[in-house]
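S.K.: Test case, fold it:
(one chain, ligands or ions: 1)
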Amino acid sequence: MKPRDPLLSVTNLSTSFRAGKRETTVVKDISFHVNPGEVVAIVGESGSGKSVTSLSIMGLLRKNATVSGSILYNGQELNALSSKERRLLRGSEMSMIFQEPMSSLNPMLRIQSQIGEVLTIHYPSISKAKIKEKTIDLLTQVDIPNPIETARRFPHQLSGGMRQRVMIAIALACDPKLLIADEPTTALDVTTQAQILSLIKRLNEQNGTGVVFVTHDLSVVATMADRVLVMYAGRIVEETTVHELFDRPKHPYTIGLMEAMPTLDTKNERLHAIQGNPPNIVNLPIGCSFHPRCPWATEACKEAVPDLEEKAATHYVRCIHVKKEGIE
Ligand SMILES: Nc1ncnc2c1ncn2[C@@H]1O[C@H](COP(=O)(O)OP(=O)(O)OP(=O)(O)O)[C@@H](O)[C@H]1O
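M.R.: Purely as a prediction, here's the structure:
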């Protein structure tokens, strides 16, 4: 890999699910990249395709899913690998953490055994003493108090925040170069949420781990990300740097999400929710998927899905009403 090559490069990724004779495409022609050490957030309402995008990258979808397009990791085409090869890569180079750690932790095994299992897969000749030492080290890295005692516990004996820290420790056990975090703090209280976010950010900065951070919460994006993809109905509708997105949001959907964010100024005012409901992916309108909810919609929006176009430098938007600024 050349030093400036992206760690992850996703091109024209589409994912569909079969149910009987019907096939529904829920992720449509997504392209983006993650550089080493970069945090790229994927933001959007429920059902917009954020999780399916992450699971497609990780190769964790069931057999009724078809994933097309290219997913290059370190220059290697993941879609061309066998399931065994992908499993090996998942245990070593790429890790994922989920919203509900309980669904990924084994309730019957002590924390030390679960971390030990991952270490043994990754380092087959590792000694028992080394496993013990590394386990305590990992639990310390994720700020778990009393790591020796915690290592002996079962998942149900830990709080939600502690379980999420254990999941991050497991994800880090193999020193991944890419971490996919899918709504990792949604189920946690605000204080624990802030601690977990700063932990992920610290690991990203210290270890240079590339992170794909999936969230529906724009305020989390502001604290975490370098770049942002906004998804709506399975497509990217806006992509740019975090500063540009917050300074000059351009897509009407992103602007709606921003207006729905509480701020100190709006504390005593009503928040502006985006009108209408999130779209039904199996029955999308013709044309721009957002037009039924869009304050700018015109007849032209009902004709075709707009292209994702560079409207300002490194700022891509999928809307015919957004003018190009400062670029040819
Ligand atoms: N295994 C599956 N089979 C069929 N459809 C699925 C499957 N998994 C997800 N979907 C559909 O794909 C669409 C996108 O779902 P996805 O979970 O990616 O959304 P999301 O943006 O992550 O939302 P949330 O924040 O609620 O998780 C939804 O319409 C969902 O119902």
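S.K.: Let me see the backbone angles for the closest residue to residue 175 other than its chain neighbours.
M.R.: Spatial nearest neighbour of residue 175, excluding adjacent residues (C-beta to C-beta, 6 or more residues apart in numbering): residue 207 at 7.2 Å. The C-beta positions use only the backbone N, C-alpha and C, and glycine is treated the same way. Here is the backbone geometry of residue 207 (degrees, to the nearest 10): phi -100, psi -10.
S.K.: Isn't residue 207 up against residue 178?
M.R.: No: Residue 207 is beyond contact range of residue 178, at 11.2 Å (criterion: C-beta atoms under 8 Å).
S.K.: More neighbours: which of those two?
M.R.: Using other C-beta atoms under 10 Å, the more surrounded residue of residue 207 and residue 178 is residue 178, with 21 against 15.
S.K.: mind listing what the more buried one touches?
M.R.: Each residue near residue 178 by C-beta atoms under 8 Å, 6 or more residues apart in numbering is listed here: 7-8, 34, 73, 93-95, 209-212.
S.K.: List the buried residues for stretch 56-72?
M.R.: Along stretch 56-72, these residues count as buried under the neighbour rule (16 or more other C-beta atoms under 10 Å): 56-59, 65, 67, 69, 71-72.
S.K.: Most neighbours among the contacts of residue 178, please name it.
M.R.: Highest neighbour count within those: residue 212, with 27 neighbours (other C-beta under 10 Å).
S.K.: For the closest residue to that residue other than its chain neighbours, I want the exact helix or strand it lies within.
M.R.: If the residues on either side of it in the chain are set aside, residue 212 comes closest to residue 180, at 4.6 Å by C-beta to C-beta, 6+ apart. Following DSSP states H and E, one finds residue 180 within strand 178-182.
S.K.: Next one: that strand, is it in contact with the ligand?
M.R.: No: applying C-beta under 6 Å from any ligand atom, one finds strand 178-182 separated from the ligand by no less than 7.3 Å.
S.K.: does residue 66 sit in a helix, a strand or a coil?
M.R.: Reduced to three states with DSSP: H, G, I helix; E, B strand; the rest coil, the structure at residue 66 is strand.
S.K.: quick one: contacts for the nearest residue in space to it that is not next to it in sequence?
M.R.: Nearest residue to residue 66, sequence neighbours excluded (C-beta to C-beta, 6+ apart): residue 16, at 5.1 Å. Contact analysis of residue 16 by C-beta under 8 Å, 6+ apart lists 23-26, 65-66.
S.K.: Let's see that with 7 Å instead.
M.R.: Taking C-beta atoms under 7 Å, 6 or more residues apart in numbering, we find residue 16 in contact with 23-26, 66.
S.K.: For it, give its distance to the ligand.
M.R.: Distance of residue 16 to the ligand, given as C-beta to the nearest ligand atom, to the nearest Å: 9 Å.
S.K.: repeat for residue 118
M.R.: For residue 118, the distance to the ligand - C-beta to the nearest ligand atom - is 25 Å.
S.K.: one step back: inside helices: which ones of the buried residues of stretch 56-72?
M.R.: With DSSP state H as the criterion, helices contain 56-58 from among the buried residues of stretch 56-72.
S.K.: And the one helix or strand residue 52 maps to, how far out from the chain middle?
M.R.: Using DSSP H and E, the element containing residue 52 is helix 50-58. Relative to its chain's centre, helix 50-58 lies at 8 Å (C-alpha atoms, centre = their mean, to the nearest Å).
S.K.: With only the CA atoms kept, save that helix in CSV.
M.R.: C-alpha atoms of helix 50-58 as CSV (Å, rounded to 0.1, in the frame of the first residue of the first chain):
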residue,chain,number,x,y,z
LYS,A,50,-26.4,2.9,7.9
SER,A,51,-26.2,-0.5,9.6
VAL,A,52,-26.6,-2.4,6.3
THR,A,53,-23.7,-0.4,4.9
SER,A,54,-21.5,-1.3,7.9
LEU,A,55,-22.5,-4.9,7.9
SER,A,56,-21.8,-5.1,4.1
ILE,A,57,-18.3,-3.8,4.7
MET,A,58,-17.7,-6.3,7.5
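S.K.: Identify the residues contacting it?
M.R.: With C-beta under 7 Å, 6+ apart as the test, helix 50-58 has contacts from 10, 13, 15, 26-27, 30, 42, 44, 61, 67, 71, 90, 94, 96, 180, 182, 212, 214, 231.
S.K.: Right, I'll leave it there.
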